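Chemist: Give the three-dimensional model of this entry:
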Amino acid sequence: MPSASPADNELALTTPVQFIPGVGPRRAKAFERLGLRVARDFLFFFPRDYQDLTQIVKISDLQDGEVAPVLGEISSVLVRSIGPRRSLLEVVLDAEGGSLAAIWFNQPFLEKRFREGQMLLVAGKTKQRAGRWEVTHPHNEIIESDGDSVAGKLLPVYPLTEGINQGAMRRIMQSVVERCLGDVEEIFPESFCRDKTLIGIQEAIRGIHLPENQSNLEQARYRLVYQELLLLQLGLGLRRAIRAKVSTAPKLEVTTKIDSRIRRLFPFDLTEGQNVAISDITQDLAQSHPMNRLLQGDVGSGKTVIALYATLLAVAHGYQVAIMAPTEVLARQHARVLGGFLAKSRVRTQLITGGLSRSQRELALVEISQGSTDVAIGTHALVQPDVKFSKLGLVIIDEQHKFGVRQRAELKDDGPHYLVMTATPIPRTLTMTLFGDLDVSTLRDAPPGRQSIHTYLPGEDERDKWWNFFRTQLDQGRQGFVIAPLIEESEVWDVASLTEVYKEISTGVLQDYQIGMLHGKMTGAEKDNVITEFYNNRLQVLVSTTVVEVGIDVPNASLMAIEGAERFGLAQLHQLRGRIGRGKHPGYCALFGDSTNEKAMERLQAFSKTIDGFELAELDFCTRGPGDLFGTRQHGMPPLRIADLLRDADIVALAKRDAFDMLATDPGLSGDAYHKIRDRVLLRYGNVLELGDVG
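Modeler: Model (predicted):
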């Protein structure tokens, strides 16, 4: 780091943040909290929004009853009482052509937001009253301008941290753009930009930070979003190509004899969707490079059967299989289901959970390492250093989608095939990004005989009617779940909420029935005991947190009541609902939510009208975003700087298609046309995707 501040005209892309004019050592620490360490970081630190001041209306041009944006300087802020427990806040703006009073009733706390001398933008229906213009309860934004004229501009709004305000950020950003922009290198060939109708990188960076108009901003954003998504798709494509080239896996070919032996274990015919998925998987397993396939299917679509088919194919060739689940509950469920199918076979299975004693675990590990165990089932602990397989041929990862690319990349590629499964249907846009390094098979249809599930949204005045129905069904031999509301992302809060619900129903509406309780803080043995009791109908009702979201298969359970339903995403509600109606009886699910939350109730209404998980996943994606759905912030990839997977779905598809075409033309991106693109891909995603030298 230089010992002295560089001269203003020497500002370079690599200049440390403290030497940027207007920053200094103290403010540099605040910028570093935002990830801004050198001048180049500022250029690629994009606004999160814009304040549109291009359509400002002068006071002299206002029309009575018109909704208009007005920009002015606050000249006074006054709160006064207008009656018992009633108040009026008046903020007067001096604007071009006169003044305007913004008024709020019974919101005196807003007074702290405003102060004299601030520039304020208000928008609302204006009225002329007693010779002056007024607007009541307007939308409002404080405009930080640092003294510059802002009228007529599109002002960028940046993410901030303590010690940095918008005015300072804009001023420093403008300085960096004007001084460093000429040093930013274009990575796309000129012909490529022309063919894709992309503006140049320097024009795009200027347009995103200092847009001249809306059209300029849209062109800039399109270029930068497309570039970000293309680099991501190229990184995923390069990873697939490298894996196919350098990683080897056993060829596990299916023969007519093996196929017949496996299918004899199933007491039913497979659906067309299951057969198609099996065809995809068997083609992958017959190759000498590792299969990396995502099998997604709706609740109850029969993924377990496909996983078992792949497992037995690997075992038939003398290889071991590891089946990993995210929870002990789901791992035990897999062991129970596989045990039922394999009861008359010679396939040896082993369940590895935290509930094993030290001696039991040591014995299990010895059997796995010596090849005595064909199929090991457990949580992610199966990939711990002390678990050594004799001849591992296939790894099946269930419900691990939220861990995404980086965690899958950390698994050993050279050797086994990989099948990743999820019962949470994934929106198409996420499939192309978070799972862009995987081939995808999809199951949409449920196997024949799957019972219908009826979903209700009772009002508070209908609670008694629901619980009367619930008791009637229990008296007929059915069983049911009661799901406690998710209070916070905390097991402690979940358990507290669960205990309250358990106490309420066990001493009230369901006091005459056998009730159990299940939550994540219980030990593996405690969970297993409760689930076994419920499975064997010694418990009629199970009060639980979302720990039952996956891994519980009790055919006699046909009832579910979900408290605080508005706190759950639609995908999670769909998983919970999928626990019922799995036997010969139809399912009945009641959602109790906060009726004052209109948006939440609209979502629940939509949920109650469909049982299509794919439709619900898309709806959840549109209403909640990818972060809430699948933990995308934890998936291991660098965060997207400007692309929005919801808004930019069309660009995701275009970038994926263009990346495929580029890699088909130049598999290593090593030619003159694409080598700069390759270098940028390696810089951004090389370590995460373990790309190494792609030349």
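Chemist: so Gln605 sits right up against Thr455, yeah?
Modeler: No: under the criterion of C-beta atoms under 8 Å, Gln605 makes no contact with Thr455, lying 10.0 Å away. (Glycine included, C-beta is placed from N, CA and C.)
Chemist: hmm, who's touching the helix or strand that Ile74 is a member of?
Modeler: Ile74 is part of strand 67-83 when elements are defined by DSSP states H and E. Counting contacts by C-beta atoms under 8 Å, 6 or more residues apart in numbering, the residues outside strand 67-83 that touch it are 52-53, 55-57, 59, 62, 87-96, 99-100, 105, 108, 111, 114-126, 135, 143, 150-151.
Chemist: Give me the subset of those that lies in helices.
Modeler: Using DSSP state H, no member of the contacts of strand 67-83 sits in helices.
Chemist: Quick one: buried ones out of the residues you listed?
Modeler: Buried members of the contacts of strand 67-83, counted by 16 or more other C-beta atoms under 10 Å: 52-53, 56-57, 59, 62, 87-89, 91-93, 95, 99-100, 111, 114, 118-124, 126, 135, 143, 150-151.
Chemist: can you pull out the helices in the stretch 401-550 of the chain?
Modeler: 404-410, 428-433, 463-475, 491-506, 524-535 (DSSP state H, counting those that start in this stretch).
Chemist: could you say what helices and strands the third one packs with?
Modeler: When you say that, I think you mean helix 463-475. Counting contacts by 3 or more C-beta pairs under 8 Å, 6 or more residues apart in numbering; DSSP states H and E, helix 463-475 is packed against strand 479-483, strand 557-563, strand 587-592.
Chemist: export those strands to JSON lines and tack on mean neighbour count, mean pLDDT and distance to Thr373?
Modeler: What follows is those, written out as JSON lines (neighbours: other C-beta atoms under 10 Å; pLDDT from 0 to 100; distance: least, C-beta to C-beta, whole Å):
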{"stretch": "strand 479-483", "mean neighbour count": "26", "mean pLDDT": "95", "distance to Thr373": "34"}
{"stretch": "strand 557-563", "mean neighbour count": "25", "mean pLDDT": "94", "distance to Thr373": "32"}
{"stretch": "strand 587-592", "mean neighbour count": "24", "mean pLDDT": "95", "distance to Thr373": "37"}
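Chemist: Can you say which of the ones you listed is nearest to Arg346?
Modeler: Each of the helices and strands packed on helix 463-475 has some distance to Arg346 by C-beta to C-beta; the shortest is strand 557-563, at 32.9 Å.
Chemist: Let's see that closest one as PDB, backbone CA atoms only.
Modeler: Provided in PDB are the C-alpha atoms of strand 557-563 (Å, rounded to 0.1, in the frame of the first residue of the first chain):
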ATOM      1  CA  ALA A 557     -52.600 -40.000   9.000                       C
ATOM      2  CA  SER A 558     -55.200 -38.100   7.200                       C
ATOM      3  CA  LEU A 559     -55.700 -34.900   9.200                       C
ATOM      4  CA  MET A 560     -53.500 -31.800   9.700                       C
ATOM      5  CA  ALA A 561     -54.100 -28.400  11.400                       C
ATOM      6  CA  ILE A 562     -51.400 -25.700  10.800                       C
ATOM      7  CA  GLU A 563     -51.400 -22.800  13.200                       C
END
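Chemist: Show the secondary-structure elements that the helix or strand following that strand is packed against.
Modeler: Once the chain leaves strand 557-563, the next helix or strand it forms, by DSSP H and E, is helix 570-577. Secondary-structure packing of helix 570-577 (3+ C-beta pairs under 8 Å, 6+ apart): strand 557-563, strand 587-592, helix 598-608, helix 613-624.
Chemist: again, 10 Å this time
Modeler: With contacts defined as 3 or more C-beta pairs under 10 Å, 6 or more residues apart in numbering; DSSP states H and E, the packing partners of helix 570-577 are strand 453-456, strand 479-483, strand 557-563, strand 587-592, helix 598-608, helix 613-624, helix 626-630.
Chemist: now the third one, how far from the chain's geometric center?
Modeler: Put plainly, it is strand 557-563. Counting by C-alpha atoms, centre = their mean, to the nearest Å, strand 557-563 is centred 26 Å from the centre of its parent chain.
Chemist: Give the pairing partners of it; include direction for each.
Modeler: Using DSSP bridges, the strands paired with strand 557-563 are strand 479-483 (parallel), strand 587-592 (parallel).
Chemist: Common neighbours of Gln605 and Thr455, please.
Modeler: Leu591 (C-beta atoms under 10 Å, 6 or more residues apart in numbering).
Chemist: In the chain, where is pLDDT below threshold?
Modeler: 1-10, 145-149, 400-414, 434, 447-449, 486-496, 550-551, 623-637, 692-695 (pLDDT under 70).
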